[in-house]
Every structure is written in C-alpha cells, then in structure tokens.
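1. how would this look folded up:
(one chain, ligands or ions: 2)
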Amino acid sequence: MVAVAIPKPRILVPEKVSVDGLALLSADYEVDSRPQGVSPDELLTLIPHVDALIVRSETKVTPEVLAAGSRLRVVARAGVGVDNINVEAATARGIIVVNSPAGNIVAAAEHTVALLLATARNVGRADRTTKEGRWERSKLVGVEVGRKTLGIVGLGKVGMKVARMCIGLGMKVIAFDPYANPDLARQTGVERLVPQLQDMLPETDFMTIHTPLLATTMDLIGEAEFKLMKPTARVLNVARGGVYNEAALLDALNKSIIAGAGLDVFTKEPPDADTPAWELLRHEKVVSTPHLGASTVEAQENVAVDVCTQVAAVLRGELPTSAVNAPLILPEEYRALKPYAKLIERMGGLYTQHFVSPSGNASVGAGHFELIYHGELAGVSNSRPLLAALVRGLVSPFSDTAGRHVNIVNATAVAREKGIIIRETHAHSGGGSGKESSVYASSVTLRSVPTEGQQQDGEKAESTSTGRQVIEGYVSANNAYISRLGRFSANFLPEGTLLILHNFDEPGKIGGVGSVLGRHGINIRFMQVASLDLERSKAGQDEITDLEAKQADQTATNGSDAKTKGHEALMILGVDGDITKQVTEDLRTAEGILNNWEGKSRLSV
Ligand SMILES: NC(=O)c1ccc[n+]([C@@H]2O[C@H](COP(=O)([O-])OP(=O)(O)OC[C@H]3O[C@@H](n4cnc5c(N)ncnc54)[C@H](O)[C@@H]3O)[C@@H](O)[C@H]2O)c1
Ligand SMILES: O=C(O)[C@H](O)COP(=O)(O)O
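-> Ligands and ions are numbered 1, 2, ... in the order given. Below is the predicted model of the structure:
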C-alpha cells in the first residue's frame, strides 16, 4: 500500500506577528513566517502558493496581489486598520478579510496618552539633548494637562478609551463624532459632543484624532482648521497619516499657529526624503514614533491570537468572528445553519447535474429559483450562508475554481454574474411534500421557477432544462438527505459519485445494471429505487403538479411499451470507481433503461 501525504494548506506571514498566535496554526498548516518583511515583487511570487495571508500595516495587499492569489481564501490583518488591504477587490474574489477590532485598543490609547504627555513636557527633546550632553532646563519648560481641554475627533473604541484615561488625568474632554452614542459619551464623562468640528477647535488645548482614514477623513484638519486653534494648542495622531494634512501641519508649526504635535503615523511609512512628513519627523516641535501605537507585547499577543483563530476557522470552511467584508452572523447562528448549508449546496449540485444539460454551455447554473424553508428553519433570520451554499452548489459542478470560491462574501455578486435569481420563502407550517421530509422539524424545497417567457409558453417550459423542477431534502443527525428528485420520492444521502438511472420499475433491472457495473469493476455502495409520486400530483399538492403529471403521462405513452411494462422509477446508486464513457454506453443500452436519462446519470456531490 502506498501512503499519500496530503499537503497542508499554506499560510504566508510577511510581517512580524506574535508567535503566540502563529503557534495555533503550526500543527495543521504550513506557516511561512518572514518577520523581516518581503518586497512587493517577492509577495507577487509567493502569493499564488498560499491559502491564507496574515499581515500588519506594512504589506500592501493590492488588487494585483489578490488576483495573483489564485488559492487565497483569507487575508487577515493582525490589527484593526485595513487601509493597506483592497477590501473591494478581495470581496469580488470571495476572499474573506478579517481583522482584530479590539486587540490593540488599550495599546493605542496608552500610546496616545504617552504622546500627549511627551508633547506637553518636551520629553523627546529633553531626552535627545541630555544624550548629547546638554542640560537645558530653561528651554524645556512644559505645560500641564490637568484642567486643560482635550478635543477628541472620533469617539470610537480607541477614542473612548483615550477619553476615560484623560478624564482620569483631570482633563475636560469634548468630542466630535457624528456617529457617536451620546448616552455612552455622557456616561463616560465626555462633557460635550459638538455638532461640528469647527465648534471645538478654538477651545481645545490638545486635540487627538481617532477616526479611520476614509475619503471623508482625508485632510480633515487642514490650514483653515489650524487657524481656528489656539497658538498654545498641541495635536496628536495615533490613527492614520493623512487625517491631518501634513503640509498644512508643517506650516502651522513653522508659523507658530499651533505649539506642537505628537505623531505616530504618516501618509507614507517611513516617509520619503524631503516630503512634509519627513520634515515633521525632524521638527523641533514634534515628538514622533514609528507607528508604535499597537506595538506592545500584550496587544501583539491579542491580535495574533484573534486573527490566527479566524484564519484557521476560514480554512476549515467556517465563518470568522470578525470579517471586514462578510455580513455579521453570530457563531451560534452559523452552527445551527451549517448542516442545512451542506444540504442546500448538495441540492444545488444535484439540480445542475440532474436537470441541466452538461453540454458545457456558459449559462449552466443560470435560472430563477425558489428556496423554501419549512418548519423550524422557516424562522431563520440570517439566511446568507444558505443562499451562498445554493449558489456554490449550482455553479460548482461545471466550474473548477469559481464554485470553490463562492462564499457568504461574494455569493450575491457571483449569482448576479451567472444570472441566478433566488427567491426565498419561509413556509412556517409543515414540511416539504416528500414523505420523509414532512416528518422532520425542518426541511428545504428547491424549485426552479419558469421565467416570464417560459410561463407564457407552457410547452417550452416542459421541454427545456429550465422548466419547473423540484428537489426536496432534510437533515437528520447532521446528515443531508434528498427526499424528492423531480417526480420521484426518494430517500438518499447525496454523497460521492451517484448514478441515477431512469428505468421501469419491474423485476430484473437491478441485476442488469449490477452486472454492467460489475463487468467494469465499479463498486456499488448503495442502491435504491425512487418511485414515481403520482399520488401527490393527483392530489394537486403544489403548483408543479399539472406539469409533472403531464410529463409522466407523456413518458407512459411515448416510452415504447411503458404501459405494459409498469411505472417509471429512478434507480439511484452510490458508486466507487471510474464511470467511463463505455460504462454509460453499456448502461444506456441495458434493457428497460429509459433513453431520456443520458447526461443526467453521473453526479458528484
Ligand atoms: N497607531 C496605531 O498603531 C493604531 C492602533 C490601533 C488603531 N489605530 C487606528 O485608530 C483609528 C481608530 O480605531 P478604532 O478602533 O477606535 O476605530 P473605531 O471604528 O472604533 O472608531 C472610529 C470612530 O471614528 C468616527 N468617525 C468616522 N468618521 C468620522 C468623521 N468624519 N468625523 C468624526 N468622527 C468620525 C466613527 O464614528 C467611529 O466612532 C483607526 O484608524 C485605526 O486604524 C492605530
Ligand atoms: O491599525 C492598527 O491596528 C494599527 O495601526 C497597528 O498597525 P501595526 O500592526 O502595523 O502595528
């Protein structure tokens, strides 16, 4: 016997990320950690071979990098800001982007306070001059922060923490954040939320920014804003370079429009020579640090553990806890839906392979569908994982890569691109029409819905692959079962390779098929006969009844001596082995197999 080693998924870490997090991945994944960093060109050569990428703020994850990442399933930001990742391009490719929204809040807030006190008391210059052998006490007289006014722009997680710390230092805190919660601000001790940024500028002795860098926050503070500030004011930035216009800040310091600045972040890091940022780094009135806001042992452990746990979840096919580009779904909600997502994905795969001609046309998967949730499942409030599973199932059979990458992030975009329209129905009462599914607490019906043109032309709807078709299924003990396939009642696990043969339900057929498969060395794992469900049709239990009954009648009249031979049935076989063209040919000519099963018999689900 030959043992085949299955390669572990690969994870690239082109920055220094705490080993406490990476240790969570090393047993199950091949982790390529490069704490010294990689160049943009190196990144482009490494990315096609990895399944996950973990970065901090230095690696630029551009559309080009994402396009080269043909295996890439997740980009993790070991920190909060994702402005170095092109999230839109990742979303379009179904690549999940995760971050750690809370792991470094304390570190960033403490660093802000460190810069606040350092600017107030000239700590940077004092340290530098003493190291140079000078003792310049009179030149380094500072100001106190107690009883002074701190203006905070952006009262989010870091901003709120800074507010608490600075209130503790005896400061009066006012803030500007159009989206802040006024009650929470009041409870924290923030004296006032100002309606406009300009309102607080003349009042502040210190101003600190804690917004993300967005189109709306770029250059938020420029020449006009600095002119409204006190000449004694000092400004801080531990958020993102670019929120203060760097040229305007340099000018305001040079002309003593304001008194000083504490800066951790810059528009380009490290700044290019002879740019305003480069001059700010060297300025007498500036205390600067090289983007150290999150650089504490504790914060790095937090963010690394946070994102490595999420990377492992995504690579296992689960949802992460804080995806930047996926709709929020609670872990318990997701756990409950997982078996149904598997069922619906298989129903989609079965639909495409059984009902749609695999002749290779580009619109495979396209169509209008109704997905009906019965019983308890009808109460589902966040059905995105179920919709994503259906799209994945519908497109996967004839697409090696596109289908594999359909997930909760890009399902809507893929559906739009492929022409798939899904209507959901929450049918609170009862199960599906299949005998088995009605017994279970929850079941699902997938039904193709004729488009307008097809509805006007009933004949056409019957004869094309996009006519009304139905598949029903249910979950029992975490296993997905199909309880109805078109006009036939069934009860089978849609797993592995299936052969579905359309035959007459009469003695001898099983033996004939068994001997064909035996001759070709194909092992039969299970076999069952799915019988025609004419009862349901006669009872008129759903809208497809007439069409199905008509189809059944037609087969009975047209299909050679069908009336004398008995009812049609589906023979469903789970098989192991290579279903070659010769196998299908031999099965086609086996006696009693109806000739309209061609191309619908080999399924991989
Ligand atoms: N220097 C570092 O190492 C470091 C560390 C951690 C966080 N950060 C940065 O700090 C910033 C804040 O992080 P956070 O976790 O507090 O984010 P957050 O999302 O919790 O808070 C941001 C706040 O900004 C507000 N805001 C958005 N646009 C605004 C505008 N135009 N005017 C006023 N307020 C506006 C939002 O309403 C929100 O309350 C981010 O840019 C993050 O990347 C830097
Ligand atoms: O957004 C963040 O989390 C901070 O800017 C930290 O960035 P870093 O991981 O590069 O230190």
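
2. all contacts plus neighbour counts: C-alpha atoms, from now on.
-> Will do.

3. where in the stretch 351-500 of the chain is pLDDT low?
-> Where the stretch 351-500 of the chain drops to pLDDT under 70, the residues are 357-366, 398-405, 428-439, 451-467.

4. for ligand 2, what's its nearest residue on it.
-> Val409 (22.2 Å; CA to the nearest ligand atom).

5. list the contacts for the closest residue to ligand 2 within the stretch 151-300 of the chain?
-> Residue nearest to ligand 2 within the stretch 151-300 of the chain (CA to the nearest ligand atom): Ala294, separated by 4.7 Å. Neighbour list for Ala294: 79, 104-105, 107-108, 300 [criterion: CA atoms under 8 Å, 6 or more residues apart in numbering].

6. rewinding a little: apart from its chain neighbours, what residue comes closest to the residue of the stretch 351-500 of the chain closest to ligand 2?
-> Ala326 (5.0 Å; CA to CA, 6 or more residues apart in numbering).

7. enumerate the residues of the stretch 1-150 of the chain near ligand 2.
-> 56-57, 78-81 (CA under 6 Å from any ligand atom).

8. columns pLDDT on top of those residues, output as TSV?
-> Listed next are these as TSV, based on pLDDT from 0 to 100:
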residue	pLDDT
Arg56	98
Ser57	96
Ala78	98
Gly79	97
Val80	95
Gly81	95
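
9. now render those residues as TSV, adding secondary structure and neighbour count.
-> Output for those, formatted as TSV (DSSP: H, G, I helix; E, B strand; the rest coil; neighbours: other CA atoms under 10 Å):
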residue	secondary structure	neighbour count
Arg56	coil	23
Ser57	coil	18
Ala78	coil	32
Gly79	coil	26
Val80	coil	20
Gly81	coil	17
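
10. ok, which of those also contact ligand 1?
-> Contacts with ligand 1 within these, counted by CA under 6 Å from any ligand atom: 80-81.

11. looking at the residues of the stretch 1-150 of the chain next to ligand 2, which is nearest Ser26?
-> Ala78 (16.8 Å; CA to CA).

12. name the SS class of the closest residue to ligand 1 within the stretch 301-450 of the chain, please.
-> Taking CA to the nearest ligand atom, ligand 1 has its nearest neighbour within the stretch 301-450 of the chain at Val303, 10.6 Å off. Per DSSP: H, G, I helix; E, B strand; the rest coil, the local secondary structure of Val303 is helix.

13. shouldn't it be in contact with Val106?
-> No: using CA atoms under 8 Å, Val303 is not in contact with Val106; the gap is 11.9 Å.

14. any common contacting residues for those two?
-> Common contacts of Val303 and Val106 (CA under 8 Å, 6+ apart): none found.

15. tell me which of these two has more neighbours.
-> Val303 (27 against 19; other CA atoms under 10 Å).

16. and that one, how far is that from Val61?
-> Computed as CA to CA, to the nearest Å, the Val303 to Val61 distance reads 19 Å.

17. OK, contacts around the closest residue to Ile96 other than its chain neighbours?
-> Setting aside the residues directly before and after it, Ile96 is nearest to Val74 in space (CA to CA, 6+ apart), at 4.7 Å. Residues near Val74 by CA under 8 Å, 6+ apart: 51-53, 95-98, 311, 314-315.

18. His111 now?
-> By CA under 8 Å, 6+ apart, His111 lies in contact with 238, 292-293.

19. mind listing the strands for the stretch 401-550 of the chain?
-> Using DSSP state E, counting those that start in this stretch, the strands found in the stretch 401-550 of the chain span residues 420-427, 442-449, 470-476, 479-485, 488-492, 497-504, 523-532.

20. save those strands as TSV, and put in mean neighbour count and distance to ligand 2 too.
-> Shown next, in TSV, are these (neighbours: other CA atoms under 10 Å; distance: least, CA to the nearest ligand atom, whole Å):
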stretch	mean neighbour count	distance to ligand 2
strand 420-427	16	38
strand 442-449	25	43
strand 470-476	25	42
strand 479-485	24	41
strand 488-492	23	49
strand 497-504	22	46
strand 523-532	17	52
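
21. what's the first helix or strand after the helix or strand harbouring Gly151?
-> Using DSSP states H and E, Gly151 sits within strand 149-153. Following strand 149-153 in sequence order, the next helix or strand is helix 157-168 (DSSP H and E).

22. check whether that following helix comes near ligand 1.
-> Yes: judged by CA under 6 Å from any ligand atom, helix 157-168 and ligand 1 are in contact via 157-159.

23. dump the residues you listed to a markdown table, plus pLDDT.
-> Output for the residues of helix 157-168 next to ligand 1, formatted as a markdown table (pLDDT from 0 to 100):
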| residue | pLDDT |
| --- | --- |
| Lys157 | 95 |
| Val158 | 97 |
| Gly159 | 98 |
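
24. and Ala569, what does it touch?
-> 488, 502-505, 529-532.

25. how about the residue sitting furthest away from the middle of the chain, phi and psi?
-> Most distant from the centre of the chain: Ser138, at 57.7 Å, with distances by CA atoms, centre = their mean. Dihedral pair for Ser138: phi -70, psi -30, per degrees, to the nearest 10.

26. before we move on, the earlier item: if any of the residues of helix 157-168 next to ligand 1 are buried, give me the PyMOL selection for them.
-> The buried subset of the residues of helix 157-168 next to ligand 1, as determined by 16 or more other CA atoms under 10 Å, is captured in PyMOL by this line:
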select buried, resi 157+158+159
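
27. can you put the residues of helix 157-168 next to ligand 1 in TSV and add distance to ligand 2?
-> Listed next are the residues of helix 157-168 next to ligand 1 as TSV, based on distance: CA to the nearest ligand atom, whole Å:
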residue	distance to ligand 2
Lys157	12
Val158	11
Gly159	13
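
28. reformat the residues of helix 157-168 next to ligand 1 as TSV; add distance to Leu371.
-> Listed next are the residues of helix 157-168 next to ligand 1 as TSV, based on distance: CA to CA, whole Å:
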residue	distance to Leu371
Lys157	40
Val158	43
Gly159	45
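
29. what stretches of this structure score poorly on pLDDT?
-> For the chain, the ranges with pLDDT under 70 are 1-6, 327-328, 357-366, 398-405, 428-439, 451-467, 505-509, 534-566, 591-605.

30. if we can go back for a sec, ok, which pair from the contacts of Val74 is furthest apart?
-> For the contacts of Val74, with distances taken as CA to CA, the pair at the greatest spread is Asp51 and Val98 (14.1 Å).
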